[in-house]
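Participant: Sequence first, predicted model second:
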Amino acid sequence: MSENAISAQGVGRVYASDSGAVQALRDVSFELRRGQFVALRGRSGSGKTTLLNCLGGLDSPTSGQIKIHGKDISTLDEAARTQWRRQRIGFVFQQMGLLPSFSAYENLDVMARLGGLPRRERRQSIHECLELVGLLDYHDHRPYEMSGGQQQRIAIARALVTAPDLILADEPSSELDSETTHEIMGVLKTFVRERGVSILLSSHDPIVSEYVDRTLTLRDGQLMGAGEAPA
Ligand code: ADP
Ligand code: MG
């Protein structure tokens with residue numbers, strides 16, 4: 001079995017737009033080993049979101065190949081890919097997308113149901129994930145009854161609830177103060193160490209560098225090479 005959580009080979013993504021084609025990614029190749037915590041850096045517009053969306057099957061590259069745990073997801077049809085994504089990938093977005101009229105518990109439960117977890121496992125996993133982000137006491141709070149940092153922790157707990165092997169996080173700390181960012185990064189690092197998940201997290205926050213094993217940097221859709229100093 002492949003030791004790589006992610007293997008990207010010559011990945012390109014061209015967007016067609018009114019003003020012509022936009023090459024958002026060009027010839028992106030890298031590997032992310034299982035259990036690695038990797039930061040994806042780069043200015044706004046460098047292609048971070050496009051890459052994360054392609055890796056998680058929310059978007060498709062126009063060239064190249066992506067394998068996640070050895071599987072080429074472009075071979076799956078739409079329905080199979082959606083199901084695969086819900087079970088195997090945890091997404092954390094900048095806009096957290098919590099359901100406002102649902103409690104923290106219910107927000108996690110929605111994701112657990114979509115991921116196909118049976119009832120008893122759902123309850124146990126929700127409990128564990130809320131505990132992991134330190135918000136078990138907030139299980140019946142709605143998003144507006146929590147701080148921004150607490151909401152982002154709920155969004156992380158939600159991404160973990162199906163016990164995914166790979167977590168893709170798109171600027172999860174951009175709305176947070178530095179203290180809360182440390183808190184969030186600590187939670188993610190614990191998850192990597194204790195459960196062996198792999199994380200690719202985009203950010204331009206220097207704090208992130210203190211927590212990750214390695215950094216990838218995108219510039220105008222091209223990878224600058226592993227472990228390079230941030231742009
Ligand atoms: P980042 O997340 O690093 O800010 P993006 O992946 O969002 O970068 O964008 C990379 C490039 O692709 C930018 O030039 C952006 O304008 C362009 N782009 C992103 N999404 C679209 C889209 N849906 N249609 C056309 N161009 C897009
Ligand atoms: Mg982005």
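Facilitator: Done, it's in. Residues are numbered from 1 along each chain as shown. Ligands and ions are numbered 1, 2, ... in the order given.
Participant: Going by C-alpha atoms from here, please, whenever you check contacts or count neighbours.
Facilitator: Noted.
Participant: Can you list the neighbours in contact with the helix or strand where Val110 lies?
Facilitator: Per DSSP states H and E, Val110 falls inside helix 104-114. The contact list for helix 104-114 (Cα atoms under 8 Å, 6 or more residues apart in numbering) reads 86, 98-99, 122-123, 126, 138-143, 154, 157-159, 161-162.
Participant: and if you look at stretch 172-187?
Facilitator: Here stretch 172-187 makes contact (Cα under 8 Å, 6+ apart) with 92-94, 96, 132-133, 148-149, 152-153, 201-203, 205, 207-208, 211.
Participant: How far off centre is the helix holding Val110?
Facilitator: Chain-centre distance of helix 104-114: 17 Å, with Cα atoms, centre = their mean, to the nearest Å.
Participant: Tell me the helix or strand right after it.
Facilitator: Next helix or strand after helix 104-114 toward the C-terminus (DSSP H and E): helix 119-132.
Participant: Just want the angle from the helix or strand following that following helix to helix 104-114.
Facilitator: The helix or strand immediately downstream of helix 119-132 is helix 148-160, counting by DSSP H and E. Using axes from the mean of the first three to the mean of the last three Cα atoms, to 10 degrees, the direction of helix 148-160 lies 20 degrees away from that of helix 104-114.
Participant: Toward the C-terminus, what is the element adjacent to helix 148-160?
Facilitator: Where DSSP H and E defines the elements, the next helix or strand beyond helix 148-160 is strand 166-170.
Participant: From ligand 1, how far off is Val208?
Facilitator: 16 Å (Cα to the nearest ligand atom, to the nearest Å).
Participant: so Ile199 touches Leu166, yeah?
Facilitator: Yes: with contact defined as Cα atoms under 8 Å, Ile199 reaches Leu166; the gap is 5.8 Å.
Participant: hey, what's the residue positioned nearest the centre of the chain bridged with?
Facilitator: In the chain, the residue lying closest to the centroid (Cα atoms, centre = their mean) is Leu168, at 1.6 Å. When bridges are called by DSSP bridges, Leu168 pairs up with Phe91, Leu200.
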